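Peer 1: quick one, fold the following:
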Amino acid sequence: MSASMKSVKSVSRRANRYARRSLWFPLLTGLVYGACPVPLTVAGPMDGAGNVSHNGEISHDGKTSHSGNISYEGVIVAAETVDSDVRGHAAAMARAVAEQTSVQPSPEERARHALIEPFLTGADSGAWARLAGRRALPLTLQEASHAALKHNLALSGARIEPEKAAAALQEAKALFTPSLDLSVDYSMSDTRLRSRIGLVGLKKFFGGNNPNYDVDQFGRFSDELKAIVFRHFDAEAPRPDEVKASSDDKKGPPRQMRYTVTLQQQLPWGPSLTLMTQTRDKKVNYANDRYYDNGHWSSDVTLALSGPAPFAAGFGELATAEAAITRSRLQQTRTDLQLKETVNQILSQVDSAYWSLVEALEGLFAAEENLKLVSELASSVDRRFALERATVYDKALSDAEEAKARLQVEDARANYVAASSRLIEYISDDPALITESVALPYGYQALLAATRWLRTTEEEALRLATANRPRLLAEQAAQRIDWLDRDVAENRTRPDVQFNTRAVSQQNGSTYGYKGPFDLARVARPDTLRLAGGLRYSRPWGNVPAEAAATTATMKVNDRTLALEEVRADMERGIGDALGKWIVTQPPMPSCCTVWMWEAM
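Peer 2: Take a look at the predicted model:
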């Protein structure tokens, strides 16, 4: 190989060195998102309280001027505060890259953007002329991340789940809130005497076959009297058929108003306590037109305690109310972790797409620089060939290298447009923006310069991921929910024994009551005091429903255990892959299992 070709390849390798460096961040992103509890690469402007705001709306007015200057102002508009559920998750990241809020493209980044400008202004007459008219969309990493958080539909749905879980928890806690019941009843009973009035025809009777009426000395019939036979009704005796109600009207029928107040309280471990007071206003008209104005009130007070018997089904910490509260709390924890995992996934995707775009931009710049050098060397070979100081082989080789360099430029352009489209898909829900815009990353060199490197090992990364990875913690919360459901189902297989006790202090107002409705002091010295209690045992034949529910709950626990192991294996595999890729891209290191993790300042 000639010295000129060696020079071309050497320059090409030097030009691609920065492009290879841009590969480090996507690999580190995979490692960090696998080991850290929150992403480290999203931030926004913070107020004095530490709240993060993001400008998630992407303006469609970002334009490229024909003078060759790309505007970096007004690209992200409509600032708003991040939702409270995302704010806490993003606050840690805000401190990491808050400096980027006022960052401007470096001269090197502007030089790379200048490679895209001919496509947007129509200055290129080649195959890339179809890109003419597209808008330039300059983006920093945190701008892209905030836009993705705003427009991602999965995140919009995930935000609702913690609210639903919080509402379910409040509903479960409401079971221990006392319930008050008020009722009023009215009753009236009107009973009239009915009679049949008129004349009655008298009937004679005689002994069967003995006309002498065999009667003893006491006037009783003898044993020989077989029967008493009545004559048929005498036709001449009047018998009216008229039937009417009695005309003996009183002042009115008995009337009663009943007022009931019930207070019920659910107690821990299953029982419930009920306190009920019932007051009656009974107005009765008695014989001789008597009416008691000061004696038509009576009251009862009932205290009842009922619920599952100790050591029976539904008693203890696995009672219905306690289990519902525990389950709702676990579900709230799970939904919070799922929201964080959703945010992590979105930011990881945007982070990977952003650095892929940076890699494509640096690859395009390297390809363009390589083409310039190869073209210069090819021109030099052509001049030397014209002077017969280069061979035909040298010229053919230089022409091939130049053609290869042009092909690399075309591939680099295609890769860049594809990477730009992928990034815009993550940050916008407008299809027109994908087809009408080209993303221009900037601020990444400042981010690289502000990066610190932390020494860690694979074991330390796995330990951090196990303790903080939202997806793993969410699966562990789901496993605890399944454990609870299994324990509740097994508790319901116990004998179903319910107890009830009742004490009733009653005033008797059936004949004569008390003076007023508030004469409750006499309830302490009631007319009647009743105490009652009992046990009820029920069991389906073979207890099949409860046993089947317990078996199903146990199988769900087994399934969840396998799912948790799968999540843990995926996490370990992801961290191992990220570490492996990182090691492959680095020079030989003293320890193959030690890497330098990045952390933004």
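Peer 1: quick check: residue 508 touching residue 528?
Peer 2: Yes. Counting by C-beta atoms under 8 Å, residue 508 touches residue 528, with 6.2 Å between them. (C-beta placed from N, C-alpha, C; glycine too.)
Peer 1: who has more neighbours, these two?
Peer 2: Between residue 508 and residue 528, counted using other C-beta atoms under 10 Å, residue 508 has the larger neighbour count: 13 against 10.
Peer 1: need the nearest residue in space to that one, chain neighbours excluded.
Peer 2: residue 527 (3.9 Å; C-beta to C-beta, 6 or more residues apart in numbering).
Peer 1: and that neighbour, how close does it get to residue 509?
Peer 2: Distance, residue 527 to residue 509, by C-beta to C-beta, to the nearest Å: 9 Å.
Peer 1: more neighbours: the two, which one.
Peer 2: residue 509 (21 against 15).
Peer 1: part of a strand, is that one?
Peer 2: No. Using DSSP: H, G, I helix; E, B strand; the rest coil, the assignment for residue 509 is coil, not a strand.
Peer 1: enumerate every residue touching it.
Peer 2: Applying C-beta atoms under 8 Å, 6 or more residues apart in numbering to residue 509 gives the contacts 280, 282, 295-298.
Peer 1: circling back to that earlier point, so what pLDDT did the residue nearest to residue 508 get?
Peer 2: For residue 527, the pLDDT comes out at 82.
Peer 1: go on, residue 342?
Peer 2: Residue 342 is given a pLDDT of 92.
Peer 1: what's the burial count for the residue lying closest to it once chain neighbours are set aside?
Peer 2: Nearest residue to residue 342 in three dimensions, chain neighbours excluded: residue 158, at 4.2 Å (C-beta to C-beta, 6+ apart). Residues within reach of residue 158, counting by other C-beta under 10 Å, total 21.
Peer 1: what's the pLDDT at residue 158?
Peer 2: pLDDT at residue 158 comes out at 88.
Peer 1: just the element for it, please.
Peer 2: In the assignment (DSSP states H and E), residue 158 maps to helix 153-173.
Peer 1: keeping just the C-alphas, turn that helix into PDB.
Peer 2: Only the C-alpha atoms of helix 153-173 are listed here, as PDB (Å, rounded to 0.1, in the frame of the first residue of the first chain):
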ATOM      1  CA  LEU A 153     -49.400   8.400  26.500                       C
ATOM      2  CA  ALA A 154     -48.200   5.500  28.600                       C
ATOM      3  CA  LEU A 155     -47.000   8.000  31.300                       C
ATOM      4  CA  SER A 156     -50.400   9.800  31.100                       C
ATOM      5  CA  GLY A 157     -52.100   6.500  31.900                       C
ATOM      6  CA  ALA A 158     -49.500   5.600  34.600                       C
ATOM      7  CA  ARG A 159     -50.100   8.900  36.400                       C
ATOM      8  CA  ILE A 160     -53.800   7.900  37.000                       C
ATOM      9  CA  GLU A 161     -53.000   4.600  38.800                       C
ATOM     10  CA  PRO A 162     -51.500   6.200  42.000                       C
ATOM     11  CA  GLU A 163     -54.600   8.400  42.300                       C
ATOM     12  CA  LYS A 164     -56.800   5.300  41.900                       C
ATOM     13  CA  ALA A 165     -54.800   3.500  44.500                       C
ATOM     14  CA  ALA A 166     -55.000   6.400  46.900                       C
ATOM     15  CA  ALA A 167     -58.800   6.600  46.500                       C
ATOM     16  CA  ALA A 168     -59.000   2.800  47.100                       C
ATOM     17  CA  LEU A 169     -57.000   3.200  50.300                       C
ATOM     18  CA  GLN A 170     -59.300   6.000  51.500                       C
ATOM     19  CA  GLU A 171     -62.300   3.800  50.700                       C
ATOM     20  CA  ALA A 172     -60.800   0.900  52.700                       C
ATOM     21  CA  LYS A 173     -60.100   3.100  55.700                       C
END
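Peer 1: and it, what does it pack onto?
Peer 2: Contacts defined by 3 or more C-beta pairs under 8 Å, 6 or more residues apart in numbering; DSSP states H and E place helix 153-173 against helix 84-97, helix 320-386.
Peer 1: quick check: the farthest pair among the contacts of residue 509?
Peer 2: The span of these, defined through C-beta to C-beta, is set by 280 and 295 at 12.1 Å.
Peer 1: which of these two has more neighbours?
Peer 2: More neighbours surround residue 280 than the other of residue 280 and residue 295, with 20 against 15 (other C-beta under 10 Å).
Peer 1: phi, psi of the more buried one?
Peer 2: Torsion angles at residue 280 (phi, psi; degrees, to the nearest 10) stand at phi -120, psi 140.
Peer 1: any idea how far residue 436 is from it?
Peer 2: In terms of C-beta to C-beta, residue 280 sits 81 Å off from residue 436.
Peer 1: low-scoring pLDDT stretches of the stretch 401-550 of the chain, where are they?
Peer 2: Within the stretch 401-550 of the chain, the set of residues satisfying pLDDT under 70 comprises 453-454, 511, 518-524.
Peer 1: same question, the chain
Peer 2: Residue ranges of the chain with pLDDT under 70: 1-102, 123-130, 190-252, 285-294, 453-454, 511, 518-524, 585-601.
Peer 1: verify the contact between the residue nearest to residue 342 and residue 340 for me.
Peer 2: No. Residue 158 is not in contact with residue 340 according to C-beta under 8 Å; the separation is 9.2 Å.
Peer 1: can you pull out the strands in the stretch 501-601 of the chain?
Peer 2: Listed in chain order, the strands of the stretch 501-601 of the chain (DSSP state E, counting those that start in this stretch) span 528-538, 594-600.
Peer 1: what residues sit buried inside the longest one?
Peer 2: Right, the one you point to is strand 528-538. By neighbour count with 16 or more other C-beta atoms under 10 Å, strand 528-538 contains no buried residues.
Peer 1: what are the contacting residues of it?
Peer 2: Contacts with strand 528-538, where a contact means C-beta under 8 Å, 6+ apart, come from 309, 495-508.
Peer 1: and of the contacts of residue 509, the nearest to residue 319?
Peer 2: Nearest to residue 319 out of the contacts of residue 509 is residue 280 (C-beta to C-beta; 36.0 Å).
Peer 1: report the separation between the closest one and residue 260.
Peer 2: 10 Å.
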